[in-house]
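Enquirer: sequence isn't available, so here's the structure alone:
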């Protein structure tokens, strides 16, 4: 058994069942080892960012890490932006990065020799380079352990450590459990919520799935506290049958307005809210002056258990404000807007769908109706590296076969991860991709004024415009084997989206927005 | 004048005339400043790797650096793989990386906060983060100075340093001149080349342009030495009218065969040859045992001047073996091969074209005829990060208006940089992109056996196969506004390529190879 085989068996023994790979010569023994491990699925990605985004989406929905297989320093580099998103989301990933054989790394003139540890170090929480084939399996077990803690775990695998003889797989290492919040903290927060002050529970992490949401709904009902999640939250289970919850807005002045008047914010796995960017003469720190910040659960704690304990301590039994299903009427005919799209999506989407979203300007219009739609999981852009809605949707579909997945991107964002469509077609994934085509970097047209860059000239405006030439996502999708159509009107979008919900398999709808 | 304006003026004063940008909110003031500097052209790229590859191709053909404009740590990360290629090619680039305002960087919870200096550090030779708006201009001048030495120079620009008031642009700094080879070294190498031993001049860098090539041809003729360049060389001027030159092959056993029997290798800007990858039981170091390595010029030296001085010292006046133009006959009709493609390209390509190439398995067939084609510049994949033929071609076309540019990629490689096609269409660049579609990672099918991963199973083979679904590059190109056609036969390729040579503007030909 060579080093690569011990590694693949170890990953499988440790519960890693899928590997998103973009391999090269230095990874050939790892790829060959996949055939000797029936528990490990290999999914070919045609670009490394696709692999990283898919592993992120998989982790969010499966609740456990996937592996990626990447090709030396430059291959890892192509994955960094979506690994950054995963890291911000607290999602663990096991990156296996093939490297030159140890004897070859001394040659700086070999084209693929790079400062691989520096390249990997910029985004990895756990980083190790295997020293010998005998150590590869144990290194892999440690990488999985780190990933199960929500870390980006990167194992650099020199080619000779893959191809030389090793002995046996390494046993799985115990997963570290999340921290348990103390009864004293529960009591303290319970007392604070009974003090009559205007309060908000700000939630992030696994506590935004059903059990935590239901506990939060009971607490809100019993105490009058509001409950909210941050705009770019890793995952939330929401919609009909779950407690209503606010979403903290994107723009700073809207956040300030939303939080105005609060006297205490209870953090449940969430950090204190700040703005996305800084703007001249606007605050980054948006907690109102005089508002107290209390921590019920840190991100590494079991926030769900803490919420349940808090609800019980408060004797909060009634479920509170439960969202009722609203299937909106079909909007008026005519040019398409994001509001109309949201109504149509909420009308037709099935229960238990997965909504993967990296849209920016179209977002608020879409969300308005979705919060009353059938129960679904929503996964969002967490690190600001746009374009991950498609790869996350791909990973989510592989984690949750049988559930409909809807990916939504702006047109600018959609260009960052085009090869994802090919992998969706190849794996026959039940993902409907919606590209909101406003034909500009519309967010930047808005931001231009907000940052005070006034009187933009023609060169500036040209740098934000996607009209020349118009991007045809229908052709691009068809070019990668995905059925596609374009909707320029409300009626067309309704017909196409309803049809996509009735059938299975990959599909793309280019929704031309009238902005 | 704000910091961004002083920076843009400083870049222009220092001779940087073009900026390949993929901006975001934190770069809005830099973008706005473009309108106030008529000497600076802004070119919008829809993905950061496109910007990096274009800056590389521009530097190779213009002989001076371009700027890129990138969006925080994740935006820079998307550029790393092609910056790695540029670094291996010794091509300087000035990266301007927008970052959060200094006051905002303290917030780790902001989505785009990252360890930006670590992310940039993995591939940058020169790296600095501006501390105040007053220092931005001088920082920019130093970045350009570093880039003119062939370095990857990265200036991290906090948003407030762009938007706050500054004073004035900074003066351009003097460029450091390449080292001059001493007369003693010239004499020593001249003596070695007169000693009757079997010799090879291995050349890399600017000495592979016309003046250096002609001097090398004279030396070869006078001494009987062979002249060669390494397989992945940054740039070479070659073809009819220039001295014939060998190309060191790709695979290790072919390199060993090519160098067999040599008694001395004279390095002219080139490092000693090594293989691309390591393979079990094959050497990485391929200089024959007992063969002496002499250095005429180090990479940082003026290799052209050294060759001219060497030729003069040797009294080598005759031009030697000059390549005669061969316009091949049209190959026999039928299924398309890379050999047939090479013959057709060499038949129809105009003089002074630019050939941008990151093909792997199709390469040898294409090169066979190209070496006798009309004089052209060829730029190659230098760092092993595949997919840069298109962006390099884009940069080359902007550096050399009026010259026909031909980009050639495998289908696997072409998927890494698809959004380049949109920028080619937008800028109306005269680039013909040829995708050699063998519908597999064919190089890996070859490498699988070479690395000793025998008896690959179905999962392994599936990880190297691009048939399911077939990639339709015609549709993908049309989707980005580029005219495109598919050639499945020799006749079709001849008609399409000849037509593309007659007209101007962006065009793509998908050449379906019968492998």
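Expert: That came through, no problem. What you are looking at is a predicted structure, and each value in this text was computed from that prediction instead of being measured.
Enquirer: for residue A:335, phi and psi?
Expert: phi -60, psi 150 (degrees, to the nearest 10).
Enquirer: for it, the count of nearby residues, please.
Expert: Residues lying near residue A:335 (other C-beta atoms under 10 Å in any protein chain shown) number 12. C-beta here means a position set from N, CA and C on the backbone, and glycine is covered the same way.
Enquirer: hmm, it is touching residue A:492, no?
Expert: No: in this structure, residue A:335 is not within contact of residue A:492 by C-beta atoms under 8 Å, at 10.7 Å.
Enquirer: where exactly do the helices run in the stretch 201-350 of chain A?
Expert: Applying DSSP state H, counting those that start in this stretch to the stretch 201-350 of chain A gives helices spanning A:210-223, A:252-259, A:303-313, A:338-348.
Enquirer: the ones you listed: which one's closest to chain B?
Expert: helix A:252-259 (10.8 Å; C-beta to the nearest C-beta).
Enquirer: list the contacts of that closest one.
Expert: For helix A:252-259, the surrounding residues in contact (C-beta atoms under 8 Å, 6 or more residues apart in numbering or on different chains) are A:200, A:228, A:246, A:248-249, A:265, A:273, A:275-276, A:279, A:282-284, A:286-288, A:291.
Enquirer: name the element the residue lying closest to residue A:326 once chain neighbours are set aside belongs to?
Expert: Nearest non-adjacent residue to residue A:326, counting by C-beta to C-beta, 6 or more residues apart in numbering or on different chains: residue A:372, 3.7 Å away. Using DSSP states H and E, residue A:372 falls within no helix or strand.
Enquirer: and residue A:372, what are its phi and psi?
Expert: phi -110, psi 10.
Enquirer: that one touches residue A:342, doesn't it?
Expert: No: counting by C-beta under 8 Å, residue A:372 stays clear of residue A:342, with 10.1 Å between them.
Enquirer: the more surrounded of the two?
Expert: Neighbour tally, residue A:372 and residue A:342, criterion other C-beta under 10 Å: the higher count belongs to residue A:342, 23 against 17.
Enquirer: my guess is the more buried one contacts residue A:363. True?
Expert: No: assessed by C-beta under 8 Å, residue A:342 is found out of contact with residue A:363, at 9.6 Å.
Enquirer: chain center to the worst-scoring helix or strand of chain A on mean pLDDT: distance?
Expert: When each helix and strand of chain A is scored by mean pLDDT, DSSP states H and E, helix A:442-450 comes last, with a mean of 83. Mean-position distance between helix A:442-450 and its chain equals 24 Å (C-alpha atoms, centre = their mean, to the nearest Å).
Enquirer: what angle do it and helix A:252-259 make?
Expert: Helix A:442-450 runs at 90 degrees relative to helix A:252-259, counting by axes from the mean of the first three to the mean of the last three C-alpha atoms, to 10 degrees.
Enquirer: what residues of helix A:442-450 count as buried?
Expert: A:442-445, A:447-448, A:450 (16 or more other C-beta atoms under 10 Å in any protein chain shown).
Enquirer: could I get the residues you listed as JSON lines with distance to residue B:44?
Expert: Below are those laid out as JSON lines (distance: C-beta to C-beta, whole Å):
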{"residue": "A:442", "distance to residue B:44": "14"}
{"residue": "A:443", "distance to residue B:44": "15"}
{"residue": "A:444", "distance to residue B:44": "11"}
{"residue": "A:445", "distance to residue B:44": "14"}
{"residue": "A:447", "distance to residue B:44": "16"}
{"residue": "A:448", "distance to residue B:44": "14"}
{"residue": "A:450", "distance to residue B:44": "20"}
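Enquirer: so what does the least confident helix or strand of chain A touch, helix or strand wise?
Expert: Here helix A:442-450 touches helix B:28-34, going by 3 or more C-beta pairs under 8 Å, 6 or more residues apart in numbering or on different chains; DSSP states H and E.
Enquirer: tell me the first helix or strand C-terminal of the helix it packs on.
Expert: Using DSSP H and E, the first helix or strand after helix B:28-34 is strand B:41-44.
Enquirer: chain center to the very next helix or strand once past that following strand, what's the gap?
Expert: Counting by DSSP H and E, the next helix or strand C-terminal to strand B:41-44 is helix B:48-62. Centroid separation for helix B:48-62 versus its chain: 8 Å, with C-alpha atoms, centre = their mean.
Enquirer: with stretch A:402-416 instead?
Expert: With C-alpha atoms, centre = their mean, you get 12 Å for stretch A:402-416.
Enquirer: pull out the buried residues from that stretch.
Expert: A:403-416.
Enquirer: so which of these belong to helices?
Expert: A:411-414 (DSSP state H).
Enquirer: count of neighbours near residue A:134?
Expert: Residue A:134 has 16 nearby residues by other C-beta under 10 Å.
Enquirer: list the buried residues of stretch A:76-84.
Expert: Under 16+ other C-beta under 10 Å, the buried positions of stretch A:76-84 are A:76-84.
Enquirer: using CSV, lay out these together with secondary structure and distance to residue A:131.
Expert: CSV is the format used below for the buried residues of stretch A:76-84 (DSSP: H, G, I helix; E, B strand; the rest coil; distance: C-beta to C-beta, whole Å):
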residue, secondary structure, distance to residue A:131
A:76, helix, 19
A:77, helix, 23
A:78, helix, 26
A:79, helix, 24
A:80, helix, 24
A:81, helix, 29
A:82, helix, 29
A:83, helix, 24
A:84, helix, 28
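Enquirer: save the residues you listed as JSON lines, and put in distance to chain B and pLDDT too.
Expert: Listed next are those as JSON lines, based on distance: C-beta to the nearest C-beta, whole Å; pLDDT from 0 to 100:
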{"residue": "A:76", "distance to chain B": "9", "pLDDT": "98"}
{"residue": "A:77", "distance to chain B": "4", "pLDDT": "98"}
{"residue": "A:78", "distance to chain B": "5", "pLDDT": "98"}
{"residue": "A:79", "distance to chain B": "9", "pLDDT": "98"}
{"residue": "A:80", "distance to chain B": "4", "pLDDT": "98"}
{"residue": "A:81", "distance to chain B": "4", "pLDDT": "98"}
{"residue": "A:82", "distance to chain B": "8", "pLDDT": "98"}
{"residue": "A:83", "distance to chain B": "9", "pLDDT": "98"}
{"residue": "A:84", "distance to chain B": "5", "pLDDT": "98"}
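Enquirer: which one of the residues you listed is nearest to residue A:132?
Expert: residue A:76 (21.4 Å; C-beta to C-beta).
Enquirer: please list all residues in contact with the closest one.
Expert: A:48, A:70, A:95, A:97, A:116, A:119-120, A:154.
Enquirer: picking up where we left off before, buried among the contacts of helix A:252-259? Make that a ChimeraX selection.
Expert: Typed into ChimeraX, the line below selects the buried ones among these, using 16+ other C-beta under 10 Å:
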select /A:200,228,248,249,265,273,275,276,279,283,284,286,287,291
